[in-house]
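Q: A structural model of the following input is requested.
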Amino acid sequence: MPSTAGIASSAKTLAPAAVGVSDAQADPIAADWWQGFGDATLSGLVNRALDGSPSLKAAQARLARSQAAVDTLHAAQGVQVNGSFDSTRQRFTANGMIPPPLAGTMRDTATL
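A: Predicted coordinates for the structure are as follows:
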């Protein structure tokens, strides 16, 4: 992605009166704004959409589950440290086929 460092904006904020609009506050929009159109089809569609829409709590729970899945994937890509150690002590018999100087001795082997 190209850098935008050093690029200054030449845009200027205009006052509402400068573009011919009032700066008076508008009335808040009604929660059932679509009823103002008087269209039964629109009202039915909006009501159907609202009924099928997840609640904010359900949407947050789904988002949390998705984020946990992404975190699990990212964890597998991170730094991993593994280690192992193996140690063996062996006594060679003095009465078998093992020749001197090993016969009758102990030998320790360790791998890290």
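
Q: How far away from the center of its chain is the longest helix seen in the chain?
A: In the chain, assigned by DSSP state H, the helix with the most residues is helix 56-77. Centroid displacement of helix 56-77 relative to its chain, using C-alpha atoms, centre = their mean, to the nearest Å, is 6 Å.

Q: I'd like to know which elements the very next helix or strand once past it is packed against.
A: Next along the chain after helix 56-77, taking DSSP states H and E as the criterion, comes strand 86-91. Applying 3 or more C-beta pairs under 8 Å, 6 or more residues apart in numbering; DSSP states H and E, we find strand 86-91 packed against strand 106-111. No exception for glycine: its C-beta is placed from N, CA and C like everyone else's.

Q: partners of the strand it packs on in the sheet?
A: Paired with strand 106-111 in the same sheet, following DSSP bridges, are strand 86-91 (antiparallel).

Q: which residues sit against the longest helix of the chain?
A: Outside of helix 56-77, the residues within contact range by C-beta atoms under 8 Å, 6 or more residues apart in numbering are Pro54.

Q: Going by neighbour count, list what's buried in that helix.
A: Neighbour counts over helix 56-77 (16 or more other C-beta atoms under 10 Å) mark no residue as buried.

Q: Extract the CA atoms of that helix and return them as PDB.
A: Output in PDB follows, covering the C-alpha atoms of helix 56-77 (Å, rounded to 0.1, in the frame of the first residue of the first chain):
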ATOM      1  CA  LEU A  56     -27.500  -7.200  20.000                       C
ATOM      2  CA  LYS A  57     -26.600  -9.800  22.700                       C
ATOM      3  CA  ALA A  58     -26.800 -12.700  20.200                       C
ATOM      4  CA  ALA A  59     -24.800 -10.700  17.600                       C
ATOM      5  CA  GLN A  60     -22.100 -10.000  20.200                       C
ATOM      6  CA  ALA A  61     -21.900 -13.700  21.200                       C
ATOM      7  CA  ARG A  62     -21.500 -14.700  17.500                       C
ATOM      8  CA  LEU A  63     -18.800 -12.000  17.100                       C
ATOM      9  CA  ALA A  64     -17.000 -13.300  20.200                       C
ATOM     10  CA  ARG A  65     -17.100 -16.900  18.900                       C
ATOM     11  CA  SER A  66     -15.700 -15.800  15.600                       C
ATOM     12  CA  GLN A  67     -12.900 -13.800  17.200                       C
ATOM     13  CA  ALA A  68     -12.000 -16.800  19.400                       C
ATOM     14  CA  ALA A  69     -11.700 -18.900  16.200                       C
ATOM     15  CA  VAL A  70      -9.500 -16.400  14.500                       C
ATOM     16  CA  ASP A  71      -7.300 -16.100  17.700                       C
ATOM     17  CA  THR A  72      -6.900 -19.900  17.700                       C
ATOM     18  CA  LEU A  73      -5.800 -19.800  14.100                       C
ATOM     19  CA  HIS A  74      -3.300 -17.000  14.800                       C
ATOM     20  CA  ALA A  75      -1.900 -18.800  17.800                       C
ATOM     21  CA  ALA A  76      -0.900 -21.700  15.600                       C
ATOM     22  CA  GLN A  77       1.100 -19.300  13.400                       C
END
